[in-house]
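Student: here's a sequence, model it:
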Amino acid sequence: MLRIAHLWHLTSLDAPTVAVVWLLAFAWAANILLPLWLPCTLALATWAVYIGDRLLDARPAHSAASPLACNLRPRHYFHWRFRRFFIPAAAISGITAILLARHFMLPDARTRNTLLACAALAYFTSVHHPSRLISRFTIPKELLVAVLFTLTCIAPTWFRMASGQLWLLAPALAFIALAWLNCHAIEVWESPTSGSSSEIRRLALTGAALGLLAAAASFNQPRSALLLVSATASSLLLALLQACRTRLEATTLRAAADLVLLTPLLLLVMR
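Tutor: Next comes the predicted model:
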């Protein structure tokens, strides 16, 4: 099982898995049945983006005497080593996602999702541009990733609801906070100079407490409350990972950080 978890992370399948589970969990909370092409498109697009991100991170580090090499992680080396597989895989996945969206997506939805895609592309380009434009902004990159990732998972459900979308705001904010905490924890664990690791525990426990309060306040929306409880469980699991991080191998810790985001899967199984 440990090897499977490592491979799941090293092949960048972790992010698409989390994206699809969150997409379906929000649809479940709103009692909406999404067409099959939507999770397929999201999974393919997310995989393509994450492969590209890791290959672009790895490429400069393999130039002569590059100082970036010390910042690489096993996932970067893995992608660079098997780049002859990952480059065409990312291209095929990205093109397939575009074709699926072009064929099945309605014009209004296509416009909305194009805006999200443009925002993601602008972030992606700025991060990997030599001038590192993203560093000029005061908004942490982990927060930008969390917002874009979560909104992409929520948008299909939000725009299919006839009315009453406001109840979805609390779960949306909870999952944005959870996605940010995940990114921030990974950054701190992998780069000790990025912040205090004890901060992760405080943030995770605070998030869990706020999640429980929000769930209690959503008693008239049982599915929303359960979604908030799943986010709370993920926060508590991140706090547990923080406590035992020194006993875990780096790749195991990184895979576990994404595995704990799959708690909404229990809601989908229970239905």
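Student: for the rest of this, base every contact and every neighbour count on C-alpha atoms.
Tutor: Noted.
Student: Pro39 contacts Val18, correct?
Tutor: No. Look at Pro39 against Val18 with C-alpha atoms under 8 Å: they stay out of range, at 10.9 Å.
Student: Ala179: which element?
Tutor: When elements are assigned from DSSP states H and E, Ala179 belongs to helix 169-190.
Student: return the distance of that helix from the chain's centre.
Tutor: Distance of helix 169-190 from its chain centroid, counting by C-alpha atoms, centre = their mean, to the nearest Å, is 9 Å.
Student: what's the mean pLDDT across the following helix or strand past that helix?
Tutor: Along the chain past helix 169-190, the next helix or strand (assigned with DSSP H and E) turns out to be helix 197-217. Mean pLDDT, helix 197-217: 90.
Student: neighbouring contacts of helix 197-217?
Tutor: Here helix 197-217 makes contact (C-alpha atoms under 8 Å, 6 or more residues apart in numbering) with 170, 174, 177-178, 181, 185, 188-189, 224-226, 228-229, 231-233, 235-236, 238-240, 242-243.
Student: any of those residues buried? List them.
Tutor: If you count burial by 16 or more other C-alpha atoms under 10 Å, the buried members of those come out as 170, 174, 177-178, 181, 185, 188-189, 224-226, 228-229, 231-233, 235-236, 238-239, 242.
Student: quick check, Asp258 in contact with Asp14.
Tutor: Yes. Under the criterion of C-alpha under 8 Å, Asp258 is in contact with Asp14, at a separation of 6.5 Å.
Student: for the protein, where's the lowest mean pLDDT among helices and strands?
Tutor: Here the helix or strand of the chain ranked lowest by mean pLDDT, DSSP states H and E is helix 107-128, holding a mean of 67.
Student: pull the distance from the following helix or strand past it to the chain's centre.
Tutor: Next helix or strand after helix 107-128 toward the C-terminus (DSSP H and E): helix 141-158. Here helix 141-158 is found 8 Å from its chain centre; the criterion is C-alpha atoms, centre = their mean.
Student: go on, stretch 7-19?
Tutor: That offset, for stretch 7-19, works out to 10 Å (C-alpha atoms, centre = their mean).
Student: no further queries at this time; thank you.
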